[in-house]
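>>> This is a predicted model, with the sequence first.
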Amino acid sequence: MKYEIMLSILFDMLSKKSVKAAYLADKYGISVRTVHRYIASMEAAGVPVYTIRGNGGGFSIIDTYKLPATFMTET
């Protein structure tokens, strides 16, 4: 379940300019703290996530980021 949610969060961030932790927590039925843990795991895996602080903030991925060609292939 964890990886399915993380993958969905990744696709949410790729499709939107910015995503708030509270929105992701509500959407997937997890805590805001868990969202932060999942984002940290993505960063550790090399996904260029950056945080926008403040009232209109959230999480975002650099516009030029593309998923690797071997993403979702069996190894």
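Alright, I've got the coordinates.
>>> show me where this structure has strands.
Counting by DSSP state E, the chain has strands at residues 49-52, 58-61.
>>> packing partners for the first one?
Contact partners of strand 49-52 among helices and strands, from 3 or more Cβ pairs under 8 Å, 6 or more residues apart in numbering; DSSP states H and E: helix 32-44, strand 58-61. For the C-beta atoms, the positions are set from N, CA and C on the backbone; glycine is no exception.
>>> Tell me which of the strands of the chain sits most buried.
By mean neighbour count, with neighbours taken as mean count of other Cβ atoms under 10 Å, strand 58-61 ranks first of the strands of the chain at a mean of 20.
>>> chain center to that one, what's the gap?
Computed by Cα atoms, centre = their mean, to the nearest Å, the chain-centroid distance of strand 58-61 equals 7 Å.
>>> contacts for that strand?
With contact meaning Cβ atoms under 8 Å, 6 or more residues apart in numbering, strand 58-61 is reached by 10, 13-14, 17-21, 23, 39, 47-52.
>>> what about burial for the residues you listed, which qualify?
When the contacts of strand 58-61 are checked for burial by 16 or more other Cβ atoms under 10 Å, the buried set is Leu10, Met13, Val19, Lys20, Ala21, Tyr23, Ile39, Val47, Val49.
>>> so how far is Leu10 from Tyr38?
As judged by Cβ to Cβ, to the nearest Å, Tyr38 and Leu10 stand 9 Å apart.
>>> any idea of the pLDDT on the closest residue to Gly56 other than its chain neighbours?
The spatial neighbour of Gly56 that comes closest, neighbours along the chain excluded (Cβ to Cβ, 6 or more residues apart in numbering), is Ser18 at 7.7 Å. Ser18 is assigned a predicted lDDT (pLDDT) of 88.
>>> Check Tyr23 too.
Model confidence at Tyr23, given as pLDDT, is 95.
>>> In space, what's closest to it - neighbours in sequence excluded?
Counting by Cβ to Cβ, 6+ apart, the residue nearest Tyr23 is Gly58, at 7.8 Å.
>>> what is the one you found paired to in the beta sheet?
Ile52 (DSSP bridges).
>>> Just the pLDDT for it.
With respect to pLDDT, Gly58 scores 91.
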